[in-house]
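Based on what follows, work out the 3D shape:
(chains A, B and C)
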Amino acid sequence: MEDTEIKHVLEAALLAATKPLPVDKLVGLFVTKAPDVDKEIVLNALTALANDYEDRGLQVQEVASGFRIQIRSRMAGWLQPLWEERPPRYSRALLETLSLIAYRQPITRSEIEDVRGVAVNPNIIRTMLEREWIRVVGHRDVPGKPEMFGTTKQFLDYFGLRSIDELPALAEINEDGPQVSPQADLIEGLEAVEEDAAASESN
Amino acid sequence: MEDTEIKHVLEAALLAATKPLPVDKLVGLFVTKAPDVDKEIVLNALTALANDYEDRGLQVQEVASGFRIQIRSRMAGWLQPLWEERPPRYSRALLETLSLIAYRQPITRSEIEDVRGVAVNPNIIRTMLEREWIRVVGHRDVPGKPEMFGTTKQFLDYFGLRSIDELPALAEINEDGPQVSPQADLIEGLEAVEEDAAASESN
Amino acid sequence: MSEETRPNLRLVPPEPPPVNDSEAAGAPAQREMPFAVVEGEPITELPRDLYIPPHALQVFLEAFEGPLDLLLYLIRRQNIDILNIPLTQITKQYVEYIDLMNEIQFELAGEYLVMAATLAEIKSRMLLPRPVSEDAEEEDPRAELARRLQEYERFKKAAHDLDCLERLERDVFPAEAEVVERRVVTKLPDITLKELVIAFQHVVSRSENFAHHHIRREALSVRERMSSVLVALENDQRVEFSKLFDPAEGKAGVTVTFLAMLELLKETLIEAVQAKPFGPIHIRAAKQQSVEPSESSESERA
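This is a model prediction of the structure:
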């Protein structure tokens, strides 16, 4: 079977599927009609396809549950008029809780609360369970048998990761104290609001 | 704006949208950032995109509600494996119910329930009727005239049996001593399977 | 948060703290002034951003994710070394924030009050005279707080990094093309004979009724034949006795059919009717007879 045709079959399959396709499933497409096409050939064809997309609005992305073709982020601005709703925004509370689950899994709610210093809003847990980003992976063997949470493949898929190792490295604890303030933009935001308030007061 | 980039934006939009996009909507993508791009330019770009797809598994198709990118029908054969969904395994309840019907036919639902000690889920009966493994062979002459179930020829065919008496006898399975029986090897196999099952259940 | 908790907010005396604070001794670079000297620069008034106008309440609520976050903000804002927190200054500011929240009727979260208490507790421990004869270096009471703050900051950063990843719906979008001919084939689950027999064994071993029952091979084919005889009699059909036998099956087959019919008669599932002596016997499905189902079952199980 010609390389170009293999590439076209893979492209069609990835665009026809509604979820990422694992490489085994892609190899399986050829099993009856072109049994010579093995995993290596498929991976090479995917690379070729990715190269074809180099300058275009598409890209071949490998995520936890397989390969998918996705629209590049540089296109997001152009596509904005297509969406009737704004993309969901996730609160800092949710993202912090999700980070703790991702980096510290398996982790219980009270362990999350220990680090964050505030109670975990049950809605946050529910939202993440419903999105299937997290799941209950077991129960800690302490009184009350609290649920332990872990992340799912869907979580990795959503954030475009192949595995949990691809998460950005967790900051080292710097004994001299970390210097960069991640709140810089937040603080700017606060100041902006203050100025607004001052301005409206002067009116 | 370059023609190529217009084409890439249109391609991204058509692949990101989950329904056909009318040409006005496609023109609308450019309204704020590239107001020069009018309907004619968009239609030309779509033609150019259609030409790009000439040899590939995709095509640009105009339908009643607009334009869409679709998989060419010549790809259907290659993609068929994608639509074959592997179903979950049959439940233990189904297997037990089927085995009771096989060994104890004709048998009514309440007789199955007597032995299993739990109600028979109607879906289980329906599933087996649909697979044509069982059929209603009559009605027991008691109040309510309950249906009696028996196995079918398809059931025998499925399991590769010439007749129902080729089903292994229960007594033989329970024997401790060595068996001199045409089914000895089958029984050995059975025991191995049981061990597997036990092992997997303990996991 | 109820009104009763308000008095507790006055955890720290409102007047300026004593100059010879033990923390000043521990941190010579930060000589205590009425407020603070930060990195050699004296701060004589509260930072401007301590004032939160009521309009900004919403922003304020969204801005801080809890007491650690607020504390971290106060520390970072003044470029204070996290491992060497000037407690008096920070506690004072922290409590002022809480007072402010209170003033604008903000329903105070318990966690903020707990932190205020924690700060006060650490401060009081630092004010206590230290035993002189101690060999081992006493741990700074602030160490635990510093550890928690650093740990929290790591995950604050992690959340920020996570938010920066390209993600579906916001940055990238799955590309899908229409499939016009999509013939979904649902494969049916497979089972093996082994699984079937094991299932039977399980169900039998659970059932007292069945526990000692031996199913003879002959009985099996008889039971199946019972099913087929019943099927032949479907729809109130009357079938001539001899028509129910298939001579092609040979003697054994005929015997099985006969045994099946006897069993069906015994279970009163069929009726045999003979219109006149030596006339043809007709078989039909039984009607209108009341037989306890348990009785028929019992006869089989005995």
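
Return the set of buried residues in the helix or strand harbouring C:Glu151.
Secondary structure assigned from DSSP states H and E places C:Glu151 in helix C:143-164. Neighbour-count burial for helix C:143-164, counted by 16 or more other CB atoms under 10 Å in any protein chain shown, picks out C:145-146, C:148-163. Every residue, glycine included, has its C-beta placed from N, CA and C.

Does anything pack onto it? Which helices or strands?
In this structure, helix C:143-164 packs against helix A:92-104, helix A:109-116, helix C:67-77, helix C:110-127, with contacts taken as 3 or more CB pairs under 8 Å, 6 or more residues apart in numbering or on different chains; DSSP states H and E.

Direction included, what does the next helix-or-strand element following it pair against?
Using DSSP H and E, the next helix or strand after helix C:143-164 towards the C-terminus is strand C:173-174. Sheet pairing of strand C:173-174 (DSSP bridges) gives strand A:66-71 (antiparallel).

For the next helix or strand after the partner strand, the averaged confidence score.
Next helix or strand after strand A:66-71 toward the C-terminus (DSSP H and E): helix A:76-79. Mean per-residue pLDDT for helix A:76-79: 94.

Just say helix, strand or coil for A:Phe149.
strand (DSSP: H, G, I helix; E, B strand; the rest coil).

Check what pLDDT it gets.
pLDDT, read off for A:Phe149, is 96.

Could you do A:Tyr53 as well?
So A:Tyr53 comes in at 96 (pLDDT).

Repeat that for A:Pro88.
So, for A:Pro88, pLDDT stands at 88.

The nearest residue to C:Leu264 once chain neighbours are set aside pairs with what?
Excluding its sequence neighbours, the residue lying closest to C:Leu264 (CB to CB, 6 or more residues apart in numbering or on different chains) is C:Ile270, at 4.4 Å. Beta-bridge partners recorded for C:Ile270 (DSSP bridges): C:Ala285.

what does chain A put close to chain B?
A:4, A:8-9, A:11-13, A:15-17, A:21, A:25, A:28-31, A:33, A:55-58, A:69, A:71-72, A:75, A:77-79, A:81-82 (CB under 8 Å from any CB of the partner chain).

circling back to that earlier point, which other residues reach the helix holding C:Glu151?
With CB atoms under 8 Å, 6 or more residues apart in numbering or on different chains as the test, helix C:143-164 has contacts from A:90, A:92, A:95-96, A:98-100, A:102-103, A:115-117, A:159, A:167-168, A:170-171, A:173-174, A:177-178, A:182, C:65, C:68-69, C:71-72, C:75, C:82-83, C:85, C:118-119, C:122.

Kindly report the same for stretch A:65-74.
Counting by CB under 8 Å, 6+ apart, A:11, A:14-15, A:17, A:19-23, A:25-26, A:46, A:53, A:56-61, A:79, A:153-154, A:156-157, A:160, B:12, B:15-16, C:166, C:168, C:171-175 sit against stretch A:65-74.

can you rerun that using 7 Å?
Residues outside stretch A:65-74 that contact it (CB atoms under 7 Å, 6 or more residues apart in numbering or on different chains) are A:14-15, A:19-23, A:25-26, A:46, A:57-61, A:79, A:153, A:157, B:12, B:15-16, C:166, C:171-175.

tell me the secondary structure for A:Met19?
Slight slip there: residue A:19 is Lys, not Met. coil.

and it, how many neighbours?
By other CB atoms under 10 Å in any protein chain shown, the residues close to A:Lys19 number 13.

Point out where the chain drops to low pLDDT.
Using chain A. Across chain A, the ranges flagged by pLDDT under 70 are A:174-203.

um, chain C though
C:1-63, C:101-109, C:130-138, C:207-220, C:236, C:287-302.

Any idea which residue of it lies closest to chain B?
Residue of chain C nearest chain B, by CB to the nearest CB: C:Ser227 (2.9 Å).

From C:Arg182, how far off is that residue?
40 Å (CB to CB, to the nearest Å).

more neighbours, the two?
Set side by side, C:Ser227 and C:Arg182 show more neighbours around C:Ser227, with 26 against 13, by other CB under 10 Å.

Am I right that the more buried one falls within a helix?
Yes - going by three-state DSSP, the assignment for C:Ser227 places it inside a helix.

My read is that it contacts B:Gly150, right?
Yes - between C:Ser227 and B:Gly150 there is a contact at 2.9 Å, judged by CB atoms under 7 Å.

where do the contact lists of the two overlap?
Common contact partners of C:Ser227 and B:Gly150 (CB under 7 Å, 6+ apart): B:105-106, B:137.

what residues does the helix or strand harbouring C:Glu263 touch?
Element membership of C:Glu263 [criterion: DSSP H and E] is helix C:250-266. Residues outside helix C:250-266 that contact it (CB under 7 Å, 6+ apart) are C:221-222, C:225-226, C:229, C:244-246, C:270, C:272, C:283, C:299.

Stretch A:126-134 now?
A:94, A:98, A:101, A:135, A:149-152, A:154-155, A:158.

Return the member of these nearest to chain B.
A:Tyr158 (16.0 Å).

Give the burial count for the residue nearest to that closest one when sequence neighbours are not counted, as a bare number.
Spatially, and ignoring its direct neighbours in sequence, A:Tyr158 is nearest to C:Leu168 (5.1 Å; CB to CB, 6+ apart). Other residues lying near C:Leu168 total 17 when counted by other CB under 10 Å.

same question, A:Ile6
For A:Ile6, using other CB under 10 Å, the count is 23.

isn't it right next to A:Ala45, touching?
Yes - when contacts are counted by CB under 7 Å, A:Ile6 is listed as touching A:Ala45 (4.6 Å).

quick one, helices of chain A?
A:3-16, A:23-28, A:39-52, A:76-79, A:92-104, A:109-116, A:122-130, A:153-158, A:184-202 (DSSP state H).

buried stuff in the shortest one?
Within helix A:76-79, the residues that count as buried by 16+ other CB under 10 Å are A:76, A:78-79.

repeat for the first one
Of the residues in helix A:3-16, those with enough neighbours to count as buried (16+ other CB under 10 Å) are A:5-16.

helices and strands around that helix, which ones?
Applying 3 or more CB pairs under 7 Å, 6 or more residues apart in numbering or on different chains; DSSP states H and E, one finds that helix A:3-16 makes contact with helix A:39-52, strand A:66-71, strand B:66-71, helix B:76-79.

With distance to C:Ala260 as extra columns, can I get those in a markdown table?
Output for the helices and strands packed on helix A:3-16, formatted as a markdown table (distance: least, CB to CB, whole Å):
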| stretch | distance to C:Ala260 |
| --- | --- |
| helix A:39-52 | 56 |
| strand A:66-71 | 55 |
| strand B:66-71 | 56 |
| helix B:76-79 | 49 |
